[in-house]
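Asks: what's the 3D shape of this:
(2 chains)
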Amino acid sequence: MVLNHDSMKPIYIQIAEWLETEVINGNLSVDDKIYSQYQLADLLNINPATAGKGLTKLLEDDIAYKKRGLGMFVKENAREKILLKRKNETLKTIIKDLVQEADYLQVSNEELKHMIEAERTKRGSS
Amino acid sequence: MGVVSSRHLTKSYRNNHAIKDLTIQFQEGSITGLIGRNGAGKTTLLKLIAGLIKKTDGELTVLGEEPFNSLKVSANSIFVDDQLPFPQDFKVKDVLREFSRFYPNWDGELADRLTSYFSIDKETLPLHFSKGKRSTFNAIVGLATHAPLTIFDEPTTGMDYSVRHDFYRALLKDYMEYPRTIIVSSHLLNELEDLLEEIALIHDGKLYFQETVPSLKEYAVGLTGSTSLLNSITQEHDVLYSKDVGMNQQYIVLKDRLTETEKDSLRREGVKLSPVSPADLCVYVTNKAEGGIDDVFNRSETI
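Replies: So this is what the prediction gives:
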């Protein structure tokens, strides 16, 4: 994980999103232990309060749960919740940008769809 | 209550107010960055807190006491700058020995490990060190003291890039192991900001703002777009900075009071939104005149 200081997103949000991505990728599964606040601070060279804020975000979004004295763990259905959230938030934002740029360049809907399909074929998905 | 708190604190040197009516608090167990332009009053404030100089007016409480002439404050705090005075004939090992006698929390093992990591020979005199090495040694002493209130005033003066980063890392690791109140003043905010919980900006002897690092990131927003479009926005918002960046293109920095909907509609109109780093923000809010250094060279326009 590398922090991006040029992003509009605060560091703690970046941390939460990175851990979410680890869940999507399957590197973290249900009931797996998530890094502690101090491990994160050490790993990313950041203030432990910032790291803690990132972890709190996962609790708030109902993606992780806390066991007293043991740390934080991935909650059941976390992956599904994250995928849904990413679709509704991240993907929509990207589409917004995409459509905006397409409008700017006067690319028609048909042409845009065509370009998306071509990209998907290239990646080998359908 | 904070470890350090001041109300209407003033420090004057003859007729010059270095600190003017300053009210500030530093919370226990946090790392705060104290920033400001040259001559803003940072060092004066830190020296007042450490009890090294006497206030002129107002209230100042450190660890529950007035810091000037307080033994409690001297025993529980350390003020590190690039001139930390040691007796002239003291070798490194003598300095370390005396610190261990004075400070109850002194971590001799850490001091030994850090001096050897930074290749500081214990038989040498700190007096003969280069600027960077002297700063490094002072910083080591500051860390190993483990004082409940640890104050670094421009600790990285003269350190090269690599040593600075080692120092930041050491500061963070030692802080996590021994949480305490740390105040660091620095001009290199970009390098330091990730370590900090709060940033306090001092300007003209006053507190300009004190914010947590995440909220500082949301304090301002940069907009790049056509001049005519941006002009319509600037009427309603606090503009902190503006600059021409091309034909009819402008970059402006606003206090971020825009709603998400407003931001979306700006994006749709082709305006690029970008974050403003705390370091840049501090430059913008403390600039004396619009345009800054460019105005100095703009001779034609003054006629």
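Asks: now the helices for chain B?
Replies: Shown for chain B, the helices assigned by DSSP state H span residues B:42-49, B:71-76, B:92-102, B:108-117, B:131-144, B:161-177, B:189-192, B:213-217, B:227-234, B:260-268, B:278-286, B:293-297.
Asks: Please list the outside residues in contact with the longest one.
Replies: Counting by C-beta atoms under 8 Å, 6 or more residues apart in numbering or on different chains, the neighbours of helix B:161-177 from elsewhere in the structure are A:38, A:41-42, A:45-48, B:31, B:110, B:114, B:117-118, B:132, B:136, B:139, B:143, B:146, B:155-156, B:159, B:182, B:184, B:188, B:191-192, B:195. All C-beta atoms are positioned from the backbone trio N, CA, C, and that covers glycine.
Asks: buried ones in it?
Replies: Applying a neighbour-count criterion of 16 or more other C-beta atoms under 10 Å in any protein chain shown, one finds B:Val163, B:Arg164, B:Asp166, B:Phe167, B:Tyr168, B:Ala170, B:Leu171, B:Leu172, B:Lys173, B:Asp174, B:Tyr175 buried in helix B:161-177.
Asks: What average pLDDT does that helix get?
Replies: When pLDDT is averaged over helix B:161-177, the result is 96.
Asks: could you measure the residue nearest the centre of chain A against chain B, distance?
Replies: Central residue check for chain A by C-alpha atoms, centre = their mean: the C-alpha nearest the mean position is that of A:Glu17, 3.4 Å away. Counting by C-beta to the nearest C-beta, to the nearest Å, the separation of A:Glu17 from chain B is 14 Å.
Asks: same deal with A:Asn109?
Replies: Separation of A:Asn109 from chain B (C-beta to the nearest C-beta) stands at 17 Å.
Asks: Need the phi and psi values for that residue.
Replies: When quoted as degrees, to the nearest 10, the phi and psi of A:Asn109 stand at phi -60, psi -50.
Asks: which residues does it contact?
Replies: With C-beta under 8 Å, 6+ apart as the criterion, no residue contacts A:Asn109.
Asks: Give me the distance between it and A:Pro10.
Replies: As defined by C-beta to C-beta, to the nearest Å, A:Asn109 lies at a distance of 35 Å from A:Pro10.
Asks: What of B:Leu188?
Replies: Taking C-beta to C-beta as the criterion, B:Leu188 is separated from A:Pro10 by 21 Å.
Asks: ok, the two, which is more surrounded?
Replies: Neighbours of B:Leu188 and A:Pro10, each counted by other C-beta atoms under 10 Å in any protein chain shown, are more numerous for A:Pro10; the result is 20 against 17.
Asks: show me what contacts the nearest residue to that one once chain neighbours are set aside?
Replies: The spatial neighbour of A:Pro10 that comes closest, neighbours along the chain excluded (C-beta to C-beta, 6 or more residues apart in numbering or on different chains), is B:Pro214 at 4.4 Å. Applying C-beta under 8 Å, 6+ apart, we find B:Pro214 in contact with A:Pro10, A:Ile11, A:Tyr12, A:Thr50, A:Lys53.
Asks: follow-up on the earlier one: please name every helix or strand in contact with the helix or strand containing the residue nearest to the centre of chain A.
Replies: Counting by DSSP states H and E, the secondary-structure element that holds A:Glu17 is helix A:11-25. Under the contact criterion of 3 or more C-beta pairs under 8 Å, 6 or more residues apart in numbering or on different chains; DSSP states H and E, helix A:11-25 touches helix A:48-60, helix A:78-86, helix B:213-217.
Asks: who's in contact with whatever helix or strand comes next after that helix?
Replies: Past helix A:11-25, further along toward the C-terminus, the next helix or strand under DSSP H and E is strand A:33-34. The set of residues that contact strand A:33-34 without belonging to it, under C-beta under 8 Å, 6+ apart, is A:Leu19, A:Leu28, A:Leu55, A:Leu58, A:Ala64, A:Leu70, A:Gly71, A:Met72, A:Phe73, A:Val74.
Asks: Recalculate using a threshold of 10 Å.
Replies: Contacting residues not belonging to strand A:33-34 are listed as A:19, A:22-23, A:28, A:40, A:55, A:58, A:63-67, A:70-74 [C-beta atoms under 10 Å, 6 or more residues apart in numbering or on different chains].
Asks: Separate out the buried members of those.
Replies: Restricting the contacts of strand A:33-34 to buried positions leaves A:Leu19, A:Glu22, A:Val23, A:Leu28, A:Leu40, A:Leu55, A:Leu58, A:Ile63, A:Ala64, A:Met72, A:Phe73, A:Val74, with burial counted as 16+ other C-beta under 10 Å.
Asks: and the gap between the fifth one and B:Leu216?
Replies: Yep, that's A:Leu40 we're talking about. Distance check for A:Leu40 against B:Leu216: by C-beta to C-beta, it reads 20 Å.
Asks: Please apply the same query to the last one.
Replies: Between A:Val74 and B:Leu216 the computed distance is 31 Å (C-beta to C-beta).
Asks: Repeat that for the second one.
Replies: According to C-beta to C-beta, A:Glu22 and B:Leu216 sit 28 Å apart.
Asks: ok, now the fourth one?
Replies: Using C-beta to C-beta, one obtains 30 Å as the distance from A:Leu28 to B:Leu216.
Asks: cool, and the third one?
Replies: In this structure, A:Val23 and B:Leu216 are 29 Å apart, going by C-beta to C-beta.
Asks: Domain map for the chain?
Replies: This is for chain A. Chain A breaks down by automatic domain parsing into domains covering A:11-77, A:79-123.
Asks: Actually, chain B is the one I wanted.
Replies: Following automatic domain parsing, chain B resolves into domains at B:4-216, B:217-297.
Asks: can you pull the pLDDT of the closest residue to B:Ser277 other than its chain neighbours?
Replies: Nearest in space to B:Ser277, with sequence neighbours left out and distances taken as C-beta to C-beta, 6+ apart, is B:Asn190 at 6.3 Å. Turning to B:Asn190, the model gives it a pLDDT of 88.
Asks: B:Lys288 now?
Replies: The per-residue confidence score, pLDDT, reads 61 for B:Lys288.
Asks: And the contacts of the lowest-mean-pLDDT helix or strand in chain A?
Replies: For chain A, using mean pLDDT, DSSP states H and E, the weakest element among its helices and strands is helix A:92-104, scoring a mean of 87. With contacts defined as C-beta under 10 Å, 6+ apart, helix A:92-104 is touched by A:86, A:107-109, A:111-112, A:115-116, B:264, B:267-270.
Asks: same thing but at 8 Å, please
Replies: Residues contacting helix A:92-104 (C-beta under 8 Å, 6+ apart): A:Leu112, B:Asp264, B:Arg267, B:Arg268, B:Gly270.
Asks: Equivalent analysis for stretch B:45-55, please.
Replies: Applying C-beta under 8 Å, 6+ apart, the set of residues contacting stretch B:45-55 is B:4, B:6, B:9-11, B:19, B:22, B:24, B:34, B:44, B:60, B:62, B:67-70, B:73-74, B:77-79, B:149, B:151, B:153, B:183, B:185, B:202.
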